[in-house]
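> sequence and computational prediction follow.
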Amino acid sequence: MNRNTTPRRAVLALGTAAAAAPWLGGAPSPARAAEGPGADPGADGRGLAELGITELRRRMAEGRLDAERLTRHFLDRVERVDPLLNAVIEVNPDALREARRLDAEGDRRKPLHGMPVLLKDLVETADRMHTTAGSLALEGLRPTADATVAARLRAAGAVILGKTNLSEWAGGMSLTHHAGWSARGGQTRNPYKLDRSPNESSSGTAAAAAAGLCVAGIGTETNGSIIDPASANCVVGVKPTVGLVGRGGVIPGVPSQDSVGPIARTVRDAAILLGTLVGVDGRDPATRASRGHFVRDYTRFLGADGLRGARIGVSRGVYFGYSHHADEIAERAIATLREAGATIVDPADIPTAERLEDLPSSMVVQAYEIKRALNAYLAGARGDHPRSLAKLIAFNREHADRELRHVRQDGLEAVQRLDFSEREYREALATNHRLSRAEGIDAVLRRYRLDALVMPTTGPPAKIDLICGDSYGGGSSTPAALAGYPAVSVPAGFAVGLPVGLTFMGTAWSEPVLLRLAHAYEQASRVRRPPTYRPADVGF
């Protein structure tokens with residue numbers, strides 16, 4: 001879900017905090033973690049943890065690597081490095097068995113053959129792992145079927161390595177901002193500086209991908225929860241058009257805005273994952289609209305000259321000015337886009353940008369959809385757990401020593417208390433869509449004949465604050481979130497060692513265009529570097 005910075009967004013905040021693990025107790029030294037446990041530099045001197053899917057598959061084809069060895073490598077990294085980060089909430093006890101099975105089959109034609117991936121702990125898996133949204137209330141929940149995205153990853157040859165930590169209930173329990181904290185998983189930390197926020201609810205996946213704890217991972221977004229942690233952790237995040245990737249078997253938030261998408265170290269790897277996830281999902285009616293819009297191989301749109309001839313607009317109103325660090329990095333990125341052959345239209349403001357940031361109809365939609373979606377999910381999920389939002393709230397009160405240690409559950413309580421009619425909801429949803437689509441993103445794209453918009457994703461990550469909540473200054477996610485349109489965040493630079501991303505945003509089903517532009521920018525800028533695991537007492 002999204003950050004909680006205003007009363008309007010607070011209803012979206014179904015996120016918590018409770019007993020965070022000891023800050024660095026028992027963790028390996030930052031130097032050892034950065035060195036890369038179990039590193040296999042290979043002939044080119046690089047560790048496996050920084051290699052992409054294409055190179056790893058090439059090594060497998062040459063007989064230099066197999067699924068079991070690669071899975072062992074990442075399991076070892078999780079054991080050695082994750083105590084610094086707390087990004088992985090659970091490891092799949094059957095991961096090595098799955099890798100051996102893939103090796104025995106010997107079919108390396110699948111696009112993700114032997115690639116270990118991590119899933120946000122909202123994604124159901126029919127194995128010995130739990131699916132809990134980070135909540136103690138769902139401990140022990142073991143679904144009988146894979147979520148659609150988990151099933152498609154397995155069909156593509158991936159090894160499900162484990163589940164990642166998140167902001168509990170995807171960031172919607174409290175009105176304060178505690179990114180990457182859950183009662184079950186504790187506090188996730190940013191690998192670039194360990195006292196900094198990993199940003200938003202897909203924080204565990206982003207931190208794990210950045211630290212090389214997996215080849216890539218899966219996140220979810222309602223408003224900012226893929227692209228913001230991608231920015232803060234110096235990785236690539238793809239928030240697809242709502243309906244492009246099926247959400248069957250994923251714990252819901254705001255269905256009209258919820259997306260499931262890849263988080264990876266490169267645009268190419270994110271594109272490979274996206275191609276395995278797309279398609280109509282019988283458990284998600286929204287995916288029917290994707291017929292004719294999805295492709296199985298998004299890498300065919302990638303090329304180093306992908307910016308040549310592109311028309312890109314700079315959306316300055318609202319999305320610049322909240323962070324001079326983010327502004328400076330974005331200005332350098334814009335210069336790189338121009339040098340790589342893009343025509344830059346500056347400014348190209350979204351006409352409704354200011355209205356979208358403080359929109360009463362957004363609160364109506366969020367409260368209406370969250371209450372119904374969570375009640376339906378809790379009532380239908382098997383196992384011994386609260387069967388409604390009201391009972392979940394009661395459970396948290398009964399276990400306040402752990403669930404409510406750091407924050408209140410005023411976000412959940414607000415959703416339970418607010419009651420809107422179906423007519424009010426439908427009118428509010430129509431307002432959201434009109435202002436974000438026809439009068440918003442589509443209006444500016446059409447006016448200037450643009451392929452995409454760009455803006456800084458968000459500012460440098462703030463310090464983790466379990467007492468008052470993390471501070472937050474601004475970001476770019478709201479227009480695409482309310483519209484249900486795609487966005488891609490790519491590493492763009494560093495402010496005193498802290499990452500900042502650049503967002504490419506477009507109209508519905510424009511993932512091929514956005515990935516093409518993002519990849520070309522990535523190749524021209526070459527910004528990303530591995531994390532440094534700086535301790536809290538070092539520098540800014």
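Nice, thanks for sending it over.
> quick one: the helices in the stretch 251-400 of the chain?
267-277, 324-339, 353-356, 360-380, 389-398, 400-403 (DSSP state H, counting those that start in this stretch).
> now the stretch 1-150 of the chain
Taking DSSP H, counting those that start in this stretch as the test, the helices found in the stretch 1-150 of the chain are 7-10, 30-35, 53-61, 67-85, 95-105, 148-155.
> chain center to the fourth one, what's the gap?
Same thing as helix 67-85. Helix 67-85 has its C-alpha centroid displaced from the chain centroid by 21 Å (C-alpha atoms, centre = their mean, to the nearest Å).
> quick check: buried residues in that helix?
Across helix 67-85, burial judged by 16 or more other C-beta atoms under 10 Å covers 67-75, 77-78, 80-85. Where you see a C-beta, it was placed from the backbone N, CA and C, and this is true even at glycine.
> and K163, how many neighbours does it have?
Under the neighbour criterion other C-beta atoms under 10 Å, K163 is assigned a count of 29.
> picking up where we left off before, out of the helices of the stretch 251-400 of the chain, deepest packed?
When these are scored by mean count of other C-beta atoms under 10 Å, the highest mean neighbour count falls to helix 267-277 (a mean of 25).
> now the angle from it to helix 53-61?
80 degrees (axes from the mean of the first three to the mean of the last three C-alpha atoms, to 10 degrees).
> now do helix 267-277, average pLDDT.
Averaging pLDDT along helix 267-277 yields 98.
> also stretch 357-375?
96.
> coming back round to it: quick one: closest of the helices of the stretch 1-150 of the chain to L435.
For those, proximity to L435 was assessed by C-beta to C-beta; helix 7-10 is nearest, at 13.5 Å.
> ranges for the strands of the protein?
Remark: strands assigned in the chain by DSSP state E are 88-91, 116-120, 159-164, 181-182, 186-187, 216-221, 236-239, 259-264, 311-314, 343-345, 452-456, 487-495, 498-505.
> wait, which of those strands is closest to R426?
Counting by C-beta to C-beta, R426 lies closest to strand 259-264 out of the strands of the chain; the figure is 21.4 Å.
> who's in contact with that closest one?
Residues outside strand 259-264 that contact it (C-beta atoms under 8 Å, 6 or more residues apart in numbering) are 52, 123, 149, 202, 205-206, 209, 215-222, 226, 229-230, 235-242, 244-247, 250, 269-270, 273-274, 277, 484.
> for that strand, C-alpha coordinates in CSV please.
This file holds the C-alpha atoms of strand 259-264, laid out as CSV (Å, rounded to 0.1, in the frame of the first residue of the first chain):
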residue,chain,number,x,y,z
SER,A,259,-0.8,-4.4,-8.6
VAL,A,260,1.7,-7.2,-8.4
GLY,A,261,5.0,-6.7,-10.0
PRO,A,262,8.7,-7.5,-10.2
ILE,A,263,11.6,-5.9,-8.3
ALA,A,264,15.1,-6.7,-9.6
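> tell me the angle that strand makes with strand 216-221.
Going by the same axes, to 10 degrees, strand 259-264 is angled at 150 degrees with respect to strand 216-221.
> quick check: mean pLDDT of strand 259-264?
98.
> what's the distance between it and the middle of its chain?
The answer for strand 259-264 is 6 Å, by C-alpha atoms, centre = their mean.
> what angle do it and strand 487-495 make?
Using the same axes, to 10 degrees: strand 259-264 against strand 487-495 is 40 degrees.
> mind checking how far Y533 is from V91?
20 Å (C-beta to C-beta, to the nearest Å).
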